[in-house]
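**Student:** Pasting the sequence and the predicted coordinates here, then a few questions.
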Amino acid sequence: MSADTAPPEEETPQGQKGFLGTIERIGNKIPHPAIIFLGLIAIVVLLSAILSWAGLEAQVQVAVPQGTQVVPDYSDAGSMYPSLDHATEPPVPDYEIKTETITVNSLLSADGIRLIFTTVVQNFNDFGVVAVILVAMIGIGVAEEAGLIAALIRKLVSAAPPWSITFIIVLIGGISSVASDAGYLVLVPLGGAVFASLGRNPLAGIAAAYAGVSATFFVNILITPADGIITEVTNEIMGGVAPNAPPLTVTHNFYFSAVSTIVMAAVMTFLNDRFLEPRLGKWDPSERPPDAPVDHVPDAEELTLETKGLRTAGLYLLVAVVILSLLTFLPSAPLRNPDTGEIFGNSPFMSSLLFIISMLFLVTGIGYGRGANTLTGSTNIINAIVKTFNGLGGLIFLMLLIAQFITYLNYSNMSRLAATGLADALGHANIGALPLLIGFILLVFVIDIIMPGVIPKWAIIAPIFIPLFYNLGIAPQTVIAAYRVGDGPVNVITPLMVYLPFIILVCQRYRRSAGMGTVVSMMMPYTVVVLVAWTIFFVIWYVSGIAWGPGSPVHL
């Protein structure tokens, strides 16, 4: 380089300019969720002492069932244990309206300090979320480690006709949220490769896959581990709000979740093919950097092993389904309700659904591993489970803190006081349940910008809004359905999405100048359109009164 030739000025990265750059800089300063919950615990402890000292209280009218007996509930984390014999209670007991005074309990009083010191282990032990995570991830971890999920995604996408490829990619992305790493790490690069192989713009394929995996992350046509976790957290909170209310099951939003997955996949397909891809224009292969990683294409031997693995997995799955059917559908089968004989609803089958799904993933994963020679012995299977559990350490520690936070908040009664005051104010405002739910969707959408995680966000929101909406006559399953709508759309553009750097790297395989701004500008239409379309869909569902899931009506 000659002396009079100045090096080109380095441009400011596009993702650091303007409003989005401000969000990124602010987001990078937000501490780890564990630190957030430690701070929230400290705030609850101090605030409970201040409000208790101030004598804050409220009188509320509550409906108390008369002549009922407390019956032990042995259901926990998707499992049902044999219960003690007890007299059958009338389906609709008589209620008496009583006035109750709610006062703030100080966590810095003698009783509060005793609670803090003596219940840490018990709080964690009673928090069924951890068991749900561990049990669910046994099967999913083995299936993912064996390569079953990646093989299924590859086969399904390659078998699709060209005209349906976008819809298939988006739909499989939605289903892949049952094992989110597979969706992000396998389907997103595959979406780009498939579009490139078809002569279409690979960035549009990446956008379709990313939107399918992330924009509707908390809905699925399958029951996912997140469903079990959210259910357990909600039941923990409902135990302090309405102890006699029936607990939610993992299928409380199943109808809404399954239909939303398909409807939103159609919406995103239309958006991708009619608007995004034409805007991106025809892809120029010269935009690809010379040192871009080459997408792995399985050779003939790998494809043969993959086909054999899928065939073996299908055989294992068939055997497992036959055994499960014998345990469920025969008269007096052990997974039927022993008293009523029902299968769906209040039955051991429904209570063990998470365990059943996990075991189906485990069996098919083992079958694929044996057929494809990816899991060649029992030791490898155990190692796959151990590897999965090793990656859950941070989440389990976070669950420990969340368990304490919920316990302390419930003990202090502050959430009940806040919910009572807000419910009273909103009730007199005559706003109506539906506008409140729409406002809740928008609130979740905003919070998701800085806290994309489904579980930590719900752990903060639920203790306030479940009691609030319950006091307004809105069922918890309705609140969770609204939460699902608000939780997803912004995932694809928030700088705090943990997979965003990976998405940028995948885009750079096909456009070397791609950065955060590239991804955000591609995904912004998905955020806006999915939020609007999904909210309208929620409103239509709510107004029509269709149950959210089996035994989960819209209204209390």
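**Tutor:** Looks like it arrived, so ask away.
**Student:** First-to-last residue distance for stretch 507-516?
**Tutor:** One end of stretch 507-516 to the other measures 10 Å (CA to CA, to the nearest Å).
**Student:** tell me the average confidence for that stretch?
**Tutor:** Averaging pLDDT along stretch 507-516 gives 83.
**Student:** Just the buried residues of it, please?
**Tutor:** Neighbour-count burial for stretch 507-516, counted by 16 or more other CB atoms under 10 Å, picks out C507, Q508, R509, Y510, R511, A514, M516. (Each C-beta comes from the backbone N, C-alpha and C, glycine too.)
**Student:** for stretch 334-343, same thing?
**Tutor:** The neighbour-count check on stretch 334-343 (16+ other CB under 10 Å) flags L335, R336, N337 as buried.
**Student:** Give the full set of residues in contact with the first one.
**Tutor:** For L335, the contact set (CB atoms under 8 Å, 6 or more residues apart in numbering) comprises L324, L327, T328, I343, S347, P348, F349, S352.
**Student:** swap the cut-off to 10 Å and go again
**Tutor:** 80, 324-329, 343, 347-352, 356 (CB atoms under 10 Å, 6 or more residues apart in numbering).
**Student:** quick one: which helix or strand includes P247?
**Tutor:** Counting by DSSP states H and E, there is no helix or strand that carries P247.
**Student:** any idea which element the closest residue to it other than its chain neighbours lies in?
**Tutor:** Once flanking residues are discounted, P247 sits nearest to N235: 4.6 Å by CB to CB, 6 or more residues apart in numbering. Counting by DSSP H and E, the element that carries N235 is helix 225-241.
**Student:** Could you give me the buried positions within the very next helix or strand once past that helix?
**Tutor:** Of the helices and strands lying after helix 225-241 in sequence (DSSP H and E), the nearest is helix 254-271. Across helix 254-271, burial judged by 16+ other CB under 10 Å covers 254-258, 260-261, 264-265, 267-269, 271.
**Student:** from those residues, which is closest to P278?
**Tutor:** L271 (11.1 Å; CB to CB).
**Student:** which non-adjacent residue is nearest the closest one?
**Tutor:** V529 (5.3 Å).
**Student:** And the one you found, how close does it get to V490?
**Tutor:** 13 Å (CB to CB, to the nearest Å).
**Student:** of those two, who's got more company?
**Tutor:** The residue with more neighbours, out of V529 and V490, is V490; 26 against 19, by other CB atoms under 10 Å.
**Student:** Identify the residue nearest that one in space, chain neighbours excluded?
**Tutor:** D448 (4.7 Å).
**Student:** Just list whatever residues bridge to the closest residue in space to A433 that isn't next to it in sequence.
**Tutor:** In space, and not counting its chain neighbours, A433 is closest to I474: 5.4 Å by CB to CB, 6+ apart. Counting by DSSP bridges, I474 is bridged to H555.
**Student:** Could you pull up the residues touching I474?
**Tutor:** Neighbours of I474 in contact, by CB under 10 Å, 6+ apart: 433-434, 436-437, 440, 465-466, 468, 482, 542, 554-556.
**Student:** D273 too?
**Tutor:** W163, I165, T166, F167, R200, A204, A208.
**Student:** Which members of those residues are classed as buried?
**Tutor:** Buried among those by 16+ other CB under 10 Å: I165, T166, F167, R200, A204, A208.
**Student:** out of the residues you listed, which are inside helices?
**Tutor:** Residues of these located in helices (DSSP state H): I165, T166, F167, A204, A208.
**Student:** hang on, the fourth one packs against T269?
**Tutor:** No - at 11.2 Å, A204 does not count as touching T269 under the criterion of CB atoms under 10 Å.
**Student:** ok so, going back, farthest pair within the buried residues of helix 254-271?
**Tutor:** Based on CB to CB, the longest span within the buried residues of helix 254-271 runs between F254 and L271 and measures 25.9 Å.
**Student:** which SSE is A58 in?
**Tutor:** Going by DSSP H and E, A58 is in strand 57-65.
**Student:** Mean confidence (pLDDT) on that strand, please.
**Tutor:** For strand 57-65, the mean confidence score works out to 57.
**Student:** now stretch 489-498: how far from the chain's centre is it?
**Tutor:** 14 Å (CA atoms, centre = their mean, to the nearest Å).
**Student:** whoops, I mixed them up, stretch 315-331
**Tutor:** 28 Å.
**Student:** If you count neighbours, what's buried in it?
**Tutor:** Y316, L317, A320, L324, L327, T328.
**Student:** Using PDB, write down the CA coordinates of the helix or strand hosting D448.
**Tutor:** In this structure, D448 is located in helix 433-450 according to DSSP H and E. Taking Å, rounded to 0.1, in the frame of the first residue of the first chain, the C-alpha atoms of helix 433-450 are listed here in PDB:
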ATOM      1  CA  ALA A 433     -61.800  -8.700  30.100                       C
ATOM      2  CA  LEU A 434     -60.900  -8.800  26.400                       C
ATOM      3  CA  PRO A 435     -59.200  -5.300  26.300                       C
ATOM      4  CA  LEU A 436     -57.300  -6.300  29.400                       C
ATOM      5  CA  LEU A 437     -56.000  -9.500  27.800                       C
ATOM      6  CA  ILE A 438     -54.900  -7.600  24.700                       C
ATOM      7  CA  GLY A 439     -53.100  -5.200  26.900                       C
ATOM      8  CA  PHE A 440     -51.400  -8.100  28.700                       C
ATOM      9  CA  ILE A 441     -50.300  -9.500  25.300                       C
ATOM     10  CA  LEU A 442     -48.600  -6.200  24.500                       C
ATOM     11  CA  LEU A 443     -47.000  -6.000  27.900                       C
ATOM     12  CA  VAL A 444     -45.500  -9.500  27.500                       C
ATOM     13  CA  PHE A 445     -44.300  -8.500  24.000                       C
ATOM     14  CA  VAL A 446     -42.400  -5.500  25.400                       C
ATOM     15  CA  ILE A 447     -40.900  -7.400  28.300                       C
ATOM     16  CA  ASP A 448     -39.800 -10.100  25.900                       C
ATOM     17  CA  ILE A 449     -37.400  -7.600  24.200                       C
ATOM     18  CA  ILE A 450     -35.100  -7.700  27.300                       C
END
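**Student:** packing partners for it?
**Tutor:** helix 18-28, helix 414-429, helix 454-471, helix 476-487, helix 516-544 (3 or more CB pairs under 10 Å, 6 or more residues apart in numbering; DSSP states H and E).
**Student:** what do you get if the cut-off is 8 Å, keeping everything else the same?
**Tutor:** Contact here means 3 or more CB pairs under 8 Å, 6 or more residues apart in numbering; DSSP states H and E; on that basis helix 433-450 packs against helix 18-28, helix 454-471, helix 476-487, helix 516-544.
**Student:** possible to save those as JSON lines with distance to T224?
**Tutor:** Formatted as JSON lines, the helices and strands packed on helix 433-450 follow (distance: least, CB to CB, whole Å):
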{"stretch": "helix 18-28", "distance to T224": "26"}
{"stretch": "helix 454-471", "distance to T224": "10"}
{"stretch": "helix 476-487", "distance to T224": "11"}
{"stretch": "helix 516-544", "distance to T224": "18"}
